[in-house]
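Trainee: Any chance you could fold what I've pasted below:
(one chain, ligands or ions: 2)
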Amino acid sequence: MKEFNQKITKSILTGIQPSGIITLGNYIGAIKQMVRMQDEFKSYIFIADMHAITVPQDPEKLHKNIRSLVALYIACGIDPDKNIIFVQSENEYHANISWLLECNTYFGELSRMTQFKDKSSKNANFSAGLFTYPILMAADILAYDVDYVPVGIDQKQHVELARNIASRFNKKYGPTFKVPEAYITDFGTKITDLVNPTKKMSKSSANQKGVIRLLDDLKSIEKKIMGATTDSDCQIKYDPLNKPGISNLINICVALTGKTINEIENAFKNQNYGEFKKYVASVVVEEIRGIQKRYEEIINSEKLDQILNENIKITRSIAKEKFITMKHNMGLYK
Ligand code: ATP
Ligand code: LTN
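Mentor: Ligands and ions are numbered 1, 2, ... in the order given. Predicted structure coming up:
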């Protein structure tokens with residue numbers, strides 16, 4: 001069975017929902033950080049498919065997106081030899097642990113979650129799962145006694161709740177969980193929609209034109225960038241407030257090339273928006289071309305099934321042990 005490098009002592013766990021094909025925003029804001037962290041931390045990385053079904057999903061699409069996300073993680077550089085990549089719903093102990101935690105979480109705490117308030121206000125017919133979503137997230141995290149939870153700033157409140165649930169549980173039933181810390185991954189690197197550059201680029205967005213998905217056809221990626229909303233000032237200058245479109249394109253270049261904002265501004269001082277967009281398109285297309293090539297190699301391979309099968313055994317045995325400890329500490333029948 002695969003083992004982590006023994007010299008690495010700290011661990012992390014994070015997940016992404018398969019609510020659509022991941023975007024350039026997910027890649028820059030989350031996946032690239034995970035790749036950076038994989039040599040420093042024991043990393044559990046999973047597909048949060050049970051979180052995805054808290055809102056309506058098309059079963060056929062969802063099924064495809066799950067496998068696709070595993071292959072994309074690997075294609076983006078998440079090394080299956082260094083990370084434990086798995087699918088959440090394959091490990092039934094997450095839901096089991098979640099129920100025990102649910103009975104130790106207050107209704108009032110869940111009512112204060114801003115993501116719930118936001119999502120439930122958009123559709124009156126929301127599921128109970130949307131409300132208890134943060135408890136399942138706490139179960140994902142607490143099952144593995146990890147040190148850090150890399151998440152975007154929007155998920156920080158959920159990690160705080162997981163910390164509160166863990167501390168309360170430990171106090172009430174005796175030491176059971178490590179209390180982890182959030183590790184914010186997306187400070188300063190929020191990639192925005194190309195058509196509406198004041199809005200975050202999101203994988204579940206209905207607008208195709210403003211979102212670059214990692215499996216988009218390369219020609220259409222180029223087209224989307226060439227058609228990105230800019231302004232009438234014609235200066236390639238970083239100014240997110242007054243020039244959100246151009247600043248977003250600069251952010252994308254900084255993230256993918258490692259150049260500084262200054263270097264990019266200087267290089268394009270006397271050039272027009274069309275020339276700059278052509279450059280941005282070439283940078284993005286080259287990055288995504290490599291990802292798509294690796295994706296094609298892995299998506300239908302048996303290797304992918306082997307990785308998932310092996311990892312689910314590992315994660316199941318860890319989460320099962322935690323579930324048994326929780327039951328014992330709570331006085332449930334063994
Ligand atoms: P959804 O549309 O389903 O809400 P999303 O694309 O907005 O999804 P999440 O699944 O909520 O993204 O986030 C996964 C990770 O990707 C998080 O760490 C989040 O901070 C990061 N992320 C998502 N969108 C962006 C973005 N536009 N720029 C930077 N990071 C992002
Ligand atoms: N809610 C997160 C996905 C997620 C997660 C987790 C992240 C589910 N469980 C545990 C970190 C740890 C999201 O939508 N980005």
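Trainee: got a list of what whatever residue of the stretch 151-300 of the chain ends up closest to ligand 1 touches?
Mentor: As assessed by C-beta to the nearest ligand atom, ligand 1 sits closest to Gly152 within the stretch 151-300 of the chain, at 1.9 Å. To be clear about C-beta, it is placed using only N, CA and C from the backbone, and glycine gets the same treatment. In this structure, Gly152 makes contact with Gly29, Ala30, Ile184, Thr185, Asp186, judged by C-beta atoms under 8 Å, 6 or more residues apart in numbering.
Trainee: Can you pull the residues of the protein lying near ligand 2?
Mentor: Residues of the chain lying close to ligand 2 (C-beta under 6 Å from any ligand atom) are 13-17, 48, 51, 137, 140-141, 149, 151, 155.
Trainee: So which of those are in strands?
Mentor: Secondary structure from DSSP state E places Leu13, Thr14, Gly15, Ile16, Val149, Val151 of the residues of the chain next to ligand 2 in strands.
Trainee: which pair in these spans the largest distance?
Mentor: Ile16 and Val149 (12.9 Å; C-beta to C-beta).
Trainee: who has more neighbours, those two?
Mentor: Val149 (24 against 21; other C-beta atoms under 10 Å).
Trainee: That one and Val179 touch, don't they?
Mentor: No - judged on C-beta atoms under 8 Å, Val149 makes no contact with Val179 at a distance of 10.9 Å.
Trainee: who's sitting farthest from the centroid in the chain?
Mentor: Distance to the chain centre peaks in the chain at Asn270, reaching 37.8 Å (criterion: C-alpha atoms, centre = their mean).
Trainee: what's the average pLDDT for the helix ranked longest in the chain?
Mentor: In the chain, assigned by DSSP state H, the helix with the most residues is helix 302-330. Across helix 302-330, pLDDT averages out at 98.
Trainee: Pull out the buried residues from it.
Mentor: 304, 307-308, 311, 314-316, 318-320, 322-323, 326, 329 (16 or more other C-beta atoms under 10 Å).
Trainee: All set now, cheers.
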